[in-house]
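>>> Next one to model:
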Amino acid sequence: MIHELVSQVPAESTQQAVGYPTLFLLVALGSLVPVVPTGALVSSAAVVAIHQTDPLALLFVFAVASSAAFLGDIALYWLGRRGVHSRKGSRWLEALRRRAPQARLANAEEKLDKHSKSVLVLSRLVPAGRIPVMLACLLGEMPLRRFARGDVPACLAWAAAYQLIGILGGSLFDEPWEGVVAAIALTLLLSGAPAAWRRLRPHGGSPAPR
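Model prediction:
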């Protein structure tokens, strides 16, 4: 038993030395360029963490994920502000416009007028909600400091939510890779559920005849 624990220490140290910086870079990159599935990354990292002997592993995953998400958001917002204040705009601002449907942008602008901080928090938790809200903040010329104050609890809530998904998925299996697969599947299911619901629900119009 003691031999097994000792043999795990170098492996875990290597995983942490490589895993935490990699997680930070990928989450920051995914926040800056929204093509990386950052939620699945955090859930997978949480699965690996609960199978380690280090009691602080989950805390490290939470700290790394939330700080990387915040850094990526602030960098993207700063780049977007440069486009707003430039006559020619910028490719970052245009990329945000392409990723924010007009209907969602209008909805985000309406809600920001009433509940700016809570909308920022929810935008991080709702799939595909971050970019329209961020663009609405940019077009409304929200100062960077005010956006940052609202983005801190948003990133903390986001990291906690996806870490909880990883903990739930990883606790069901003995092998880490099985938990990672379950966490990724659950994350993708939750991410795709709102889009599937919008497609399946009946559109407004005249009621069907009885």
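>>> Quick one: classify residue 141 as helix, strand or coil.
Following DSSP: H, G, I helix; E, B strand; the rest coil, residue 141 is assigned to coil.
>>> got a list of what it touches?
residue 84 (CB atoms under 8 Å, 6 or more residues apart in numbering). Just so you know, the C-beta spots here come from the backbone N, C-alpha and C atoms, and that holds for glycine as well.
>>> if I look at it, how far off is residue 149?
Using CB to CB, to the nearest Å, residue 141 is found at 16 Å from residue 149.
>>> ditto for residue 177
Residue 177 is 39 Å from residue 149, by CB to CB.
>>> now residue 174
43 Å.
>>> These two: who's more crowded?
Higher neighbour count among residue 174 and residue 149: residue 149, with 13 against 8, using other CB atoms under 10 Å.
>>> State the phi and psi torsions of the more buried one.
Residue 149 has phi and psi values of phi -60, psi -40 when expressed as degrees, to the nearest 10.
>>> show me where pLDDT drops low in the chain?
Scanning the chain for pLDDT under 70 picks out 1-18, 85-90, 92, 99-104, 106-108, 113-116, 190-210.
>>> In it, what residue spans correspond to helices?
For the chain, the helices defined by DSSP state H occupy 2-32, 38-50, 57-84, 91-99, 102-112, 116-125, 130-139, 144-170, 176-200.
>>> Please name every helix or strand in contact with the third one.
With contacts defined as 3 or more CB pairs under 8 Å, 6 or more residues apart in numbering; DSSP states H and E, the secondary structure elements packing on helix 57-84 are helix 2-32, helix 38-50, helix 91-99, helix 130-139, helix 144-170.
>>> These: which one's closest to residue 189?
For these, distance to residue 189 was read as CB to CB. The smallest value, 9.9 Å, belongs to helix 144-170.
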